[in-house]
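**Student:** Provided below for reference: sequence and predicted model.
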Amino acid sequence: MKKAFSVLVALMLVLGCFSFSSAEAKTYKVGVSIYQFTDNFMTLYRNEIEAYFKSLETEDVKFEITMADGKNDMAEQTNQIQNFITQGMDVIILNLVQTSSADAVIDQIVAAGIPLVLINREPLAYDADGNTLDEAYEGILNNAQVCYVGADARQSGTFQGEMVAELENHGDINGDGKISYIMIEGDPENIDAQYRTEFSVKALVDAGYEVECLDDQVGNWDQTKGQELCANALTAYGDKIEVVFCNNDAMALGAATAIQTAGRVVGEDIYLLGVDALEEAVQLVKDGEMTGTVLNDHIGQSHAAVDVAIKLLKGEEIDNYYWVDYVKVNKEYVDAQ
Ligand code: GAL
């Protein structure tokens, strides 16, 4: 009887111990909203967010990730954020549809006491007249539990321009003393599009080259649109076009098709530049069908975003801004890999 009692006590202890350890295991609820699932680059980025969170799980710490598609619609994304708040997310990672809505969104999330990691689309500081300022954003700076993780788009634009300047003929194929280019832009509200457009050309001008803009159109980061705009420009300006700058690789992939269809040859009678270093674009650089792209490091950025989200979950102090470098990807770079 005595023995049976001690077995029972031992059993209770073991069971108690088990239930104690499972009570220790914690599942954090993470809400992620991406501006648009169909975006090529943001697809790589969001998949890596999920994979990296999963890789950091332990027996005691789990992450329950809810991924929402903002469908490029701010009203839709605002609903998702409200749902995240109602569902009691422990942290939110947000790729805004519209950076001009940043204040309203940050206020709601902060009021609900949920830490927030903004990614990819940097909200901008504005002056009283609505002009963009080269300053950090107050909505981020003033909130200890809000930060932005991204890459400085000025650098990617500069790298595009430098890759042209570094060519033997500096992009002046017909030798008329100026570099004649077309620009295919991403979403114009997006600082990445604004800075890439400005700094690619600035790098050439700063290096002392004369430039001529033949055409500047908005392709909204989209491959089909990039192809259409490049095809139209090739019809309108023919071999006057020496350089095609695209704010991202999706549009550059479209432009590459348009260039081929028009019977033009990259590296011989035209140059083509993108940004992101999507696998397909890097392959084109290898094959000489694209002059260059710029690595937009989705691995570095997604890991930085997840790492800071975890710091916030642990209640640790964070910085307001985290920057990840771009890398120039031209033929020399890919051949050396
Ligand atoms: C940029 C990227 C684009 C697009 C955009 C979305 O950084 O180069 O391809 O994904 O972000 O905001």
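**Tutor:** On my side now, so go ahead.
**Student:** report the central residue of the protein.
**Tutor:** Centroid check for the chain by C-alpha atoms, centre = their mean gives Asn120 as the closest residue, at 4.0 Å.
**Student:** which ones are touching that one?
**Tutor:** 35, 42, 45, 95, 150, 192, 301 (C-beta atoms under 8 Å, 6 or more residues apart in numbering). For glycine as for every other residue, the C-beta is placed from the backbone atoms N, C-alpha and C.
**Student:** looking at this, the last one is in a helix?
**Tutor:** This means Gln301. Yes. Gln301 forms part of a helix when assessed by DSSP: H, G, I helix; E, B strand; the rest coil.
**Student:** dump the residue contacts of it.
**Tutor:** 45, 119-120, 149-151, 324.
**Student:** could I get those residues in JSON lines, plus columns for distance to Gln77 and pLDDT?
**Tutor:** Formatted as JSON lines, these follow (distance: C-beta to C-beta, whole Å; pLDDT from 0 to 100):
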{"residue": "Tyr45", "distance to Gln77": "16", "pLDDT": "98"}
{"residue": "Ile119", "distance to Gln77": "13", "pLDDT": "98"}
{"residue": "Asn120", "distance to Gln77": "13", "pLDDT": "97"}
{"residue": "Val149", "distance to Gln77": "18", "pLDDT": "98"}
{"residue": "Gly150", "distance to Gln77": "18", "pLDDT": "97"}
{"residue": "Ala151", "distance to Gln77": "22", "pLDDT": "97"}
{"residue": "Val324", "distance to Gln77": "23", "pLDDT": "98"}
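**Student:** which of these ranks first by neighbour count?
**Tutor:** Of the contacts of Gln301, Ile119 is surrounded by the most neighbours, 27 neighbours in total, counting by other C-beta atoms under 10 Å.
**Student:** surely that one touches Thr99?
**Tutor:** No. Between Ile119 and Thr99 there is no contact under C-beta atoms under 8 Å: 11.7 Å.
**Student:** and stretch 248-264, what's buried?
**Tutor:** 248-259, 262, 264 (16 or more other C-beta atoms under 10 Å).
**Student:** again with stretch 78-90
**Tutor:** Using 16+ other C-beta under 10 Å as the test for burial, stretch 78-90 gives 78, 80-81, 84-85, 89-90.
**Student:** could you list the domains of this protein?
**Tutor:** Structural domains assigned to the chain are 26-151+297-324, 154-295, following automatic domain parsing.
**Student:** quick one: is the longest one near the ligand?
**Tutor:** If I follow you right, that is domain 26-151+297-324. Yes. Using C-beta under 6 Å from any ligand atom, we find that domain 26-151+297-324 touches the ligand at 39, 41-42, 120-121.
**Student:** on the pLDDT front, check Val282 for me.
**Tutor:** With respect to pLDDT, Val282 scores 98.
**Student:** quick one, what contacts it?
**Tutor:** Contacts of Val282 by C-beta under 8 Å, 6+ apart are 293, 329, 334.
**Student:** do Gln223 as well
**Tutor:** By C-beta under 8 Å, 6+ apart, the contact list for Gln223 reads 40, 250-251, 253-254.
**Student:** export these to JSON lines and append columns for pLDDT.
**Tutor:** Listed next are those as JSON lines, based on pLDDT from 0 to 100:
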{"residue": "Asn40", "pLDDT": "95"}
{"residue": "Ala250", "pLDDT": "98"}
{"residue": "Met251", "pLDDT": "98"}
{"residue": "Leu253", "pLDDT": "98"}
{"residue": "Gly254", "pLDDT": "98"}
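**Student:** which of these fall within strands?
**Tutor:** Among the contacts of Gln223, no residue falls in strands (DSSP state E).
**Student:** the stretch 201-337 of the chain: strands as residue ranges?
**Tutor:** For the stretch 201-337 of the chain, applying DSSP state E, counting those that start in this stretch gives strands covering 210-218, 243-246, 271-273, 292-295, 321-323, 327-330.
**Student:** give the contact list for the residue lying closest to Asp127 once chain neighbours are set aside.
**Tutor:** Excluding the flanking residues, the one nearest Asp127 by C-beta to C-beta, 6 or more residues apart in numbering is Leu133, at 5.6 Å. Contacts for Leu133 (C-beta under 8 Å, 6+ apart) come out as 124-127.
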